[in-house]
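Asks: with the sequence up front, the predicted model follows.
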Amino acid sequence: CSVYLYDEEKQELVLTATQGLSELSVGQVRLKLGEGLTGVALKELRPIREGSGSRNPNYKFIPGIYEEKFEAFLAVPILRGLSRVGVLVLQDPVTDYFDENDTKALLAIAAQLASTIENAKLLMALHRIRTDLEAEKAPAVPAEELRFIKGKAGARGYAVGHPTVFSIGGEDFLQESEFTRDITGGLEDFQYALSRTEQQLEELQTKMEKRLADVASMIFSAHLLIVKDPKFSGAMIELIKLGSTARDAIVAVIKQYIELFAGSKNPRLREKVQDVKDLGHRLLRNLYRDEEDNADYAGHVIIAGELLPSDVLKLSAQNAEGIILVGGAETAHVTLLAKSLELPLVLTNEERVFQINPSRRILIDGDHGNIYVDPERAVIDQFRQMEEDQKEAEAVAANMAETNETADGKRVELLANINMLSELKVARQLRAEGIGLYRSEFPFIVRTSFPSEEEQYRVYRTLVEKMEGMEITFRTLDVGGDKALSYFPGKQENNPFLGLRAIRFSLRYRDVFEHQLRAVLRAGHDANLRIMFPLVSSIDDYLEARSVVEDCIAKLTEEGIPHITHPRIGVMIELPAVVEIADELAREVDFLSIGGNDLVQYILAVDRTNEQMSELYQSHHPAVLRALKKVADAARRHKKSLSFCGEMAADPRMLPFLLGIGIHRLSIEPRKIPGIHNAVRSYSLKDCRKLAKQLLAMSRLRDIEQALNDFHAIVRA
């Protein structure tokens, strides 16, 4: 078994580790891209399996490594998304030793290795960095005048705790007073803290992979790699041997690493600053041997200027109470992830929150976007009571009527929008009739590299099995805009919302698209599965994407791999362009789904995340209402299934209009299902149709608002 790593600068493979070949060849054997069977595997990004490797014309004899006795050959490329990482090679003396199952197994192993190797390469790069910067410590500036801050709602729920700043600098590393306590611990105490820290991190990783198998793969790998690095712990041990206390040794080395990471030109290294700070906190807490403190963020509300999705996962794993995200527009992936993890989140532009003294307490209200500093006991009690009331309401909702019908008996389907597998339990409990939208980008967004086909397959297969035959609408990768991939070095775009995103990204990067489609098709071999393309702008887009699905089906059939052979394929209507061709598009597709949030934003040219423009984002605008009617009519004429996904579907005020124009499939957040279920039962379809006809005849927003008010006043009466 041998591992070759790819040197991008020299464009050559270097033998880095081996078991079976000459150990003297490690670091000495170098192959150009495409040189030898190993080089071909990486150049062509495909596995190579030979019963007798020496007979292949691409075989390259390398004297002195003693591989001539190994005839059977199997090599698979190690990839991090579209980037070449290296090659994993197996060899055996017995000819024809390896089969197709060995190839699949080695591909899975290579996928797991990619993340670890990437982190190792980053750590090796760090060891080459030298800096003379001295650590600076900026004192916390009390913001005594702050008592209440009005922000923007992010993720529901409330949280109470002490503020902890989550930043890329090292100035706040020792802001907590507990880290300034005197302690005379020596080498034995340090060894205990190091061992305990490693144990905690491994337990955290195991816990998160069980809880969030689809997105938590190796999220603590960087932590573990650093803490196990002998140069990291060795520097601390050396200082202790020279007379430093264990505490001072930890602080000195952690600050040095923070400066090294923060000063790096490599953005991947700069992202690791918070990992180093986490390690420092954990080592110090374990040094104090406070058994009740598991070295996490329990009792703390995190304040951050920016967060990666992986940061949100780590904060959840380490029991953070909630998050305040400061500055700039809402980042959709972070907000959606916080919602899925049930981690309260508030967004604000008030930068003085960074200066709140850590000894104070803050309460955040994720439902309304409010931040309270040193709240009165009565305020905290009020929020606790509201939480209890919410739990009681959900318990009642679990016993709601079996079917969703209007007052006059029209069937309405309520489906769930799902970001992560952990949300399936709530969706099933609240009687979701299927998955109307599975946002497949989350396993991509929270990782540090593109997930492999096998990794995706495992996630999608779990989804299929948990839904037990219920319908699943699988939206293909929707990245770009406010959902960037931190590891993908795409070109800077002036307007990413109108740039390379969604289906445009997938069609540009076919390898990524094909890997995802193959995983979906395989996972859904026995499922009630639909595939939906996001941000389609023409019939040509749809046909091109559909042809990629058909190609994947043909290849899977040829390979003899079980898969769904005739998935229903549709599009998400999000652009005014496809509203205009809705009739022609409906003839081609198997189903339609309206992405209401983006459609409103693009029709009105209003960024829905821009607070300054929020009053212009109006889903009841006559242009929006008429566009929805046009799509609904096209679907009805061609007898195609039509669903609606977006905030309007969960808005009881606009719900009667949707029902009135013939949209009777709604896909919403799982926890909003009970409220919409009750709202549906309070309307008659006859009245909804009458309201829709009335609104479509109006051209002024004020008149539409009055008509909606009058309608709901009558319903309430």
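Replies: Arrived safely.

Asks: quick one: the helices in the stretch 351-500 of the chain?
Replies: When secondary structure is read from DSSP state H, counting those that start in this stretch, the stretch 351-500 of the chain shows helices at 377-397, 424-429, 442-445, 453-467.

Asks: equivalent analysis for the stretch 151-300 of the chain, please.
Replies: Ranges of helices in the stretch 151-300 of the chain, per DSSP H, counting those that start in this stretch, are 187-211, 221-227, 230-241, 246-262, 267-270, 273-287.

Asks: closest one to Ala649 among those helices?
Replies: Among those, helix 187-211 comes nearest to Ala649, with 28.7 Å by CB to CB. Any C-beta I mention is one placed from the backbone N, CA and C, and that applies to glycine too.

Asks: for that closest one, which helices and strands make contact with it?
Replies: Here helix 187-211 touches helix 221-227, helix 230-241, helix 246-262, helix 273-287, helix 309-317, going by 3 or more CB pairs under 8 Å, 6 or more residues apart in numbering; DSSP states H and E.

Asks: so can I have JSON lines of the ones you listed showing distance to Asp710?
Replies: Formatted as JSON lines, these follow (distance: least, CB to CB, whole Å):
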{"stretch": "helix 221-227", "distance to Asp710": "58"}
{"stretch": "helix 230-241", "distance to Asp710": "68"}
{"stretch": "helix 246-262", "distance to Asp710": "59"}
{"stretch": "helix 273-287", "distance to Asp710": "53"}
{"stretch": "helix 309-317", "distance to Asp710": "43"}
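
Asks: now these in JSON lines, with mean pLDDT, distance to Arg501 and mean neighbour count?
Replies: Listed next are the helices and strands packed on helix 187-211 as JSON lines, based on pLDDT from 0 to 100; distance: least, CB to CB, whole Å; neighbours: other CB atoms under 10 Å:
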{"stretch": "helix 221-227", "mean pLDDT": "78", "distance to Arg501": "28", "mean neighbour count": "22"}
{"stretch": "helix 230-241", "mean pLDDT": "88", "distance to Arg501": "39", "mean neighbour count": "16"}
{"stretch": "helix 246-262", "mean pLDDT": "85", "distance to Arg501": "30", "mean neighbour count": "22"}
{"stretch": "helix 273-287", "mean pLDDT": "80", "distance to Arg501": "27", "mean neighbour count": "23"}
{"stretch": "helix 309-317", "mean pLDDT": "75", "distance to Arg501": "17", "mean neighbour count": "24"}
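
Asks: so which of the ones you listed is nearest Pro443?
Replies: The closest of the helices and strands packed on helix 187-211 to Pro443 is helix 309-317. By CB to CB, the value is 10.3 Å.

Asks: counting by contacts, list what the closest one packs against.
Replies: Using 3+ CB pairs under 8 Å, 6+ apart: helix 309-317 touches helix 187-211, helix 332-340.

Asks: export the ones you listed to TSV and tack on mean neighbour count, mean pLDDT and distance to Ala649?
Replies: Compiled in TSV, these are given as follows (neighbours: other CB atoms under 10 Å; pLDDT from 0 to 100; distance: least, CB to CB, whole Å):
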stretch	mean neighbour count	mean pLDDT	distance to Ala649
helix 187-211	17	83	29
helix 332-340	23	76	16
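
Asks: picking that back up, between the helices of the stretch 151-300 of the chain, which one is closest to Asn404.
Replies: Of all these, helix 187-211 comes closest under CB to CB, at 30.5 Å.

Asks: what's the angle from the closest one to helix 273-287?
Replies: Our comparison of helix 187-211 with helix 273-287, counting by axes from the mean of the first three to the mean of the last three CA atoms, to 10 degrees, yields an angle of 120 degrees.

Asks: tell me the most buried of the helices of the stretch 351-500 of the chain?
Replies: Of the helices of the stretch 351-500 of the chain, the one with the most neighbours on average (mean count of other CB atoms under 10 Å) is helix 442-445, at a mean of 24.

Asks: let me have the helices of the stretch 351-500 of the chain in a markdown table, extended by mean pLDDT and distance to Gly369.
Replies: Formatted as a markdown table, those follow (pLDDT from 0 to 100; distance: least, CB to CB, whole Å):
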| stretch | mean pLDDT | distance to Gly369 |
| --- | --- | --- |
| helix 377-397 | 69 | 14 |
| helix 424-429 | 84 | 23 |
| helix 442-445 | 78 | 23 |
| helix 453-467 | 90 | 32 |
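
Asks: mind giving me a markdown table with these and columns for distance to Ala713?
Replies: Listed next are those as a markdown table, based on distance: least, CB to CB, whole Å:
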| stretch | distance to Ala713 |
| --- | --- |
| helix 377-397 | 24 |
| helix 424-429 | 33 |
| helix 442-445 | 41 |
| helix 453-467 | 40 |
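
Asks: quick one, which of the ones you listed is nearest to Ile117?
Replies: helix 453-467 (15.3 Å).

Asks: quick one, which of the helices of the stretch 351-500 of the chain gets closest to Tyr4.
Replies: Judging the helices of the stretch 351-500 of the chain by CB to CB, what sits closest to Tyr4 is helix 453-467, at 20.7 Å.

Asks: so what touches that closest one?
Replies: The contact list for helix 453-467 (CB atoms under 8 Å, 6 or more residues apart in numbering) reads 104, 107-108, 111, 213-214, 217, 418, 421, 424, 428, 434-435, 438, 440, 443, 451, 472, 474, 515-516, 518-520, 522-524, 526-529.

Asks: from the residues you listed, which would you call buried?
Replies: Using 16 or more other CB atoms under 10 Å as the burial test, the contacts of helix 453-467 include 107-108, 111, 213-214, 217, 418, 421, 424, 434-435, 438, 440, 443, 451, 472, 474, 515-516, 518-520, 522-524, 527-529 as buried.

Asks: for the one helix or strand Ile303 maps to, buried residues please.
Replies: Under the criterion of DSSP states H and E, Ile303 resides in strand 300-304. For strand 300-304, the neighbour count (16+ other CB under 10 Å) marks His300, Val301, Ile302, Ile303, Ala304 as buried.

Asks: closest one of those residues to Val346?
Replies: For these, the nearest to Val346 is Val301 (9.2 Å; CB to CB).

Asks: so what sits opposite that closest one in the bridge?
Replies: Pro163, Gly322 (DSSP bridges).

Asks: what do you get for Ile48?
Replies: Under the criterion DSSP bridges, Ile48 forms beta bridges with Ala75.

Asks: how close does the closest residue to Ala235 other than its chain neighbours sit to Leu225?
Replies: Spatial nearest neighbour of Ala235, excluding adjacent residues (CB to CB, 6 or more residues apart in numbering): Val253 at 4.7 Å. According to CB to CB, to the nearest Å, Val253 and Leu225 sit 16 Å apart.

Asks: next, Phe644: secondary structure please.
Replies: strand (DSSP: H, G, I helix; E, B strand; the rest coil).

Asks: list the residues that contact it.
Replies: Neighbouring residues of Phe644 by CB under 8 Å, 6+ apart: Ser593, Ile594, Gly596, Leu628, Leu658, Ile663, Arg665, Leu666, Ser667.

Asks: what distance do you get for the most centrally placed residue in the chain to Ser641?
Replies: Computing the C-alpha centroid of the chain and ranking residues by CA atoms, centre = their mean puts Phe442 first, at 3.2 Å. Using CB to CB, we find Phe442 at a distance of 25 Å from Ser641.

Asks: cool, Ala304 as well?
Replies: Taken as CB to CB, the spacing of Ala304 relative to Ser641 amounts to 41 Å.

Asks: show me what counts as buried in stretch 536-546.
Replies: For stretch 536-546, using 16+ other CB under 10 Å, the buried residues are Val536, Ser537, Ile539, Asp541, Tyr542, Ala545, Arg546.

Asks: need the residues you listed in TSV (columns: secondary structure).
Replies: Formatted as TSV, the buried residues of stretch 536-546 follow (three-state DSSP):
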residue	secondary structure
Val536	coil
Ser537	coil
Ile539	helix
Asp541	helix
Tyr542	helix
Ala545	helix
Arg546	helix
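
Asks: can you list the weak-confidence ranges in the stretch 551-700 of the chain?
Replies: Residues of the stretch 551-700 of the chain that meet the criterion pLDDT under 70 lie in 609, 611.
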